[in-house]
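1. What follows is a predicted protein model with its sequence.
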Amino acid sequence: MIRDFDILLGAVPDGLFVAGEWRRSSDNGTLTVTNPATGATLKTIASATAEDAAAALDAACAAADSWAATPARQRGELLRRTFDLLQDRADEFALLMSLEMGKPLAEARGEVTYGGEFLRWFSEEAPRVQGRYGTTPEGSGRMIVTQHPVGPCYLITPWNFPLAMATRKIAPALAAGCTVVVKPSELTPLTTLLFARLLQEAGLPDGVVNVIPTLDAAAVSEPIIADPRLRKLSFTGSTPVGKRLLAQAANGVLRTSMELGGNAPFIVFDDADLDQAVDGAMAAKFRNIGQACTAANRFIVHRSVVDEFTARVVDRVRDFRTGAGTEDGVTIGPLIDDRAVAKATHLVQDAVNRGAKTWIGGTELDRPGSFFAATVLSDVAPGSEILGEEIFGPVLAIVAFDDEEEAVRIANDTEFGLVSYVFTQDLARGQRMIEQLQTGMMGLNAGVVSNAAAPFGGWKSSGIGREGGPEGIAEYLQTKYTLTPDP
Ligand code: NAD
């Protein structure tokens with residue numbers, strides 16, 4: 001394990017990655033990345049302007065035809081080499097994510113595994129893109145259906161999973177034959193820059209991937225999205241920003257993928273295996289310090305087991321160790337910034353004002369960095385803000401229910417529909433939940449659902465499109481149908 005932070009940070013490029021070169025920004029602008037556990041500066045890097053973004057799109061367009069014409073096997077092999085290199089550098093990437101985002105090292109290593117799997121999965125999917133050939137129903141002609149890369153793509157990623165959110169987009173795009181411009185979050189751009197270096201080492205042709213961190217996401221993104229050469233926008237982030245980007249994309253009738261916010265219900269029925277439910281709750285709530293779109297937001301627990309469930313989760317939370325993610329044994333790191341702490345504070349306060357009971361935690365921590373105590377609330381009243389929006393922090397909010405119908409009604413009472421968790425040992429009930437919950441994904445007696453081979457994505461305001469699985473590459477392909485007469 002590399003423990004010398006300076007050596008690691010020194011290895012991270014500080015330029016924009018455009019056309020295979022590392023460049024300064026056109027106005028020499030910079031942005032500073034800080035460590036949320038301490039507030040200390042980690043590194044200052046170039047901050048792209050709209051001019052730099054245009055250069056990045058120029059590069060992606062210049063490389064588009066030859067990359068699309070590169071045999072699929074070769075495209076897949078580039079991804080596979082990158083996967084192999086990432087395994088060798090797993091510790092570096094884990095430590096870098098822990099430094100810039102705050103997550104505990106063990107979780108950061110888990111993200112390297114998860115993020116890496118997209119490289120391996122799509123390296124295998126690249127040669128499997130297929131068309132079809134058939135006879136028209138009348139028998140008078142032949143239909144040939146072929147798949148083609150959509151063209152240059154703009155990929156915007158969030159800060160909460162700096163590696164996986166990038167590989168989940170870059171890998172299927174490259175596998176499909178698309179070139180890309182990537183704009184990572186200004187809060188965690190270092191991982192994406194180091195990853196671009198890894199792609200370069202693996203033999204990435206110039207211009208196929210371009211990376212433009214920037215302090216001014218809106219000013220840099222709008223002209224790219226308006227450029228008629230761009231063919232696809234893929235965004236992971238908050239629902240309000242996603243809606244704004246969808247409006248911008250409408251003008252060019254761009255293909256879009258939107259991975260947006262969630263408000264996951266976590267339902268514990270009276271017939272649940274409580275050991276399994278508590279384990280699931282810990283993973284679904286506290287992974288990534290609660291800062292996951294898939295984080296369980298509302299614990300909906302049958303009244304007959306709510307006291308026992310609450311007591312058991314409080315016991316587990318009592319054992320957490322809070323600190324910088326880079327310290328050994330830490331299970332709860334800092335939140336991404338002070339705004340996130342202020343939001344958690346407000347949501348807890350609002351719930352308490354409406355009658356919720358605080359079992360543990362409930363406040364920010366009096367120490368440097370952006371820390372909020374792991375918290376358990378019960379008796380959260382209907383209408384509390386915490387039930388209506390993403391908490392994005394380590395706060396477990398419990399409401400009790402009396403019957404199955406009520407549980408389903410509460411679970412579906414949200415504009416979001418990303419993921420739902422259900423704990424029950426009754427198979428028929430599990431099947432009813434599959435049919436009745438308005439959700440793109442479901443953990444049935446499981447607290448984590450993400451897998452590179454599975455279609456990740458949401459219903460309702462949680463988004464459009466899927467990442468991962470065979471569906472993930474389809475997002476970067478367009479269909480052409482050709483009719484030819486009976487031979
Ligand atoms: P965010 O919407 O603030 O930012 C996401 C990205 O968009 C960042 O790169 C940011 O710089 C950029 N951005 C912000 N404003 C922009 C604008 N006007 N034009 C262009 N780009 C702009 O979200 P965040 O705080 O980074 O991430 C947290 C959110 O992401 C949560 O809502 C979470 O649920 C969601 N998320 C969803 C998934 C999913 O797969 N559904 C995965 C991870 C995170």
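-> That came through fine. Residues are numbered from 1 along each chain as shown.

2. In the stretch 151-300 of the chain, what residue spans correspond to strands?
-> Residue ranges of the strands in the stretch 151-300 of the chain, as given by DSSP state E, counting those that start in this stretch, are 153-156, 180-183, 209-211, 232-236, 255-259, 264-268, 296-302.

3. Note down every partner strand of the last one and its orientation.
-> The reference is to strand 296-302. Sheet pairing here is set by DSSP bridges, and for strand 296-302 it gives strand 264-268 (parallel), strand 395-401 (parallel).

4. Of these, give the one that comes closest to Glu327.
-> With CB to CB as the measure, strand 395-401 is the member of the strands paired with strand 296-302 nearest Glu327 (22.3 Å). Heads up, the C-betas are built off the backbone N, CA and C, glycines and all.

5. who in the chain is up against the ligand?
-> In this structure, the chain approaches the ligand at residues 156-160, 165, 183, 185-186, 217-218, 221, 236-238, 241, 244-245, 259-262, 293, 390, 418, 458, 463, judged by CB under 6 Å from any ligand atom.

6. Just the C-alpha atoms of stretch 34-43, please, in PDB.
-> Listed next in PDB are the C-alpha coordinates belonging to stretch 34-43 (Å, rounded to 0.1, in the frame of the first residue of the first chain):
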ATOM      1  CA  THR A  34      -9.300  19.500  -1.100                       C
ATOM      2  CA  ASN A  35      -9.500  16.600   1.300                       C
ATOM      3  CA  PRO A  36     -12.900  16.600   2.900                       C
ATOM      4  CA  ALA A  37     -11.500  15.000   6.100                       C
ATOM      5  CA  THR A  38      -9.200  17.900   6.800                       C
ATOM      6  CA  GLY A  39     -10.000  20.700   4.500                       C
ATOM      7  CA  ALA A  40      -6.400  20.700   3.300                       C
ATOM      8  CA  THR A  41      -5.400  21.200  -0.400                       C
ATOM      9  CA  LEU A  42      -4.600  18.000  -2.200                       C
ATOM     10  CA  LYS A  43      -3.700  19.400  -5.600                       C
END
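
7. give the contact list for the residue in the stretch 101-250 of the chain that the ligand sits nearest to.
-> Nearest residue of the stretch 101-250 of the chain to the ligand (CB to the nearest ligand atom) works out as Gly237 at 2.6 Å. The contact partners of Gly237, taken as CB atoms under 8 Å, 6 or more residues apart in numbering, are 156-158, 259-260.

8. try 7 Å this time
-> Gly237 makes contacts with 156, 158, as judged by CB atoms under 7 Å, 6 or more residues apart in numbering.

9. Ok, Val112 next?
-> If you count contacts by CB under 7 Å, 6+ apart, Val112 has them with 86, 90, 93-94, 163.

10. redo that, cut-off 6 Å
-> The neighbours of Val112, taking CB atoms under 6 Å, 6 or more residues apart in numbering as the test, are 90, 93-94.

11. do the same with Pro162
-> Applying CB under 6 Å, 6+ apart, we find Pro162 in contact with 97, 101, 188, 191.

12. Looking at these, which one is closest to Gly139?
-> The shortest separation between Gly139 and any of those is 55.8 Å, and it belongs to Thr191 (by CB to CB).

13. Confirm for me that that closest one is in contact with Leu96.
-> Yes. Applying CB atoms under 6 Å, one finds Thr191 in contact with Leu96, separated by 5.5 Å.

14. Assumed Asp315 was part of a helix.
-> Yes. Using DSSP: H, G, I helix; E, B strand; the rest coil, the assignment for Asp315 is a helix.

15. Compute the number of surrounding residues for it.
-> Neighbour count of Asp315, defined by other CB atoms under 10 Å: 12.

16. who wins for most neighbours among the contacts of Val112?
-> Counting neighbours by other CB under 10 Å, Ala94 comes out on top of those with 27 neighbours.

17. for that residue, helix, strand, or coil?
-> When the structure is split into helix, strand and coil by three-state DSSP, Ala94 lands in helix.

18. which residues does it contact?
-> Taking CB under 6 Å, 6+ apart, we find Ala94 in contact with 105, 108-109, 112.

19. ok, 8 Å please
-> If a contact means CB under 8 Å, 6+ apart, then Ala94 has 105, 108-109, 111-112 as its contacts.

20. same deal with Asp58?
-> Contact analysis of Asp58 by CB under 8 Å, 6+ apart lists Ala19.

21. if I look at it, how far off is Phe195?
-> Spatial separation of Asp58 from Phe195 under the definition CB to CB, to the nearest Å is 22 Å.

22. same question, Ser462
-> Distance, Ser462 to Phe195, by CB to CB: 26 Å.

23. phi, psi of Phe83?
-> Note on Phe83: its backbone torsions stand at phi -60, psi -50 [degrees, to the nearest 10].

24. The residue nearest to it when sequence neighbours are not counted: what secondary structure?
-> If you skip the residues right next to it in sequence, Phe83 has Leu119 as its closest partner in space, 3.9 Å away by CB to CB, 6 or more residues apart in numbering. Of the three states, Leu119 takes helix according to three-state DSSP.

25. Report the contact partners of Leu119.
-> Residues touching Leu119, when contacts are defined by CB under 8 Å, 6+ apart, comprise 79-80, 82-83, 86, 167, 171.

26. same thing with Asp426?
-> The contact partners of Asp426, taken as CB under 8 Å, 6+ apart, are 269, 271.

27. What separation do you get for Tyr279 and Phe309?
-> Quick fix: residue 279 reads Asp, not Tyr. The separation that Asp279 has from Phe309, given CB to CB, amounts to 12 Å.

28. of these two, who's got more company?
-> Phe309 (22 against 17).

29. ok, the more buried one touching Leu274?
-> Yes. Using CB atoms under 8 Å, Phe309 makes contact with Leu274 at a distance of 6.3 Å.

30. what sits in contact with each of these two?
-> Once CB under 8 Å, 6+ apart is applied, the residues that Phe309 and Leu274 both contact turn out to be Val268.

31. Now do the closest residue to Lys169 other than its chain neighbours, the pLDDT please.
-> If the residues on either side of it in the chain are set aside, Lys169 comes closest to Leu155, at 4.4 Å by CB to CB, 6+ apart. What the model reports as pLDDT for Leu155 is 99.

32. who's Leu155 bridged to?
-> Judged by DSSP bridges, the bridge partners of Leu155 are Val182, Ser234.
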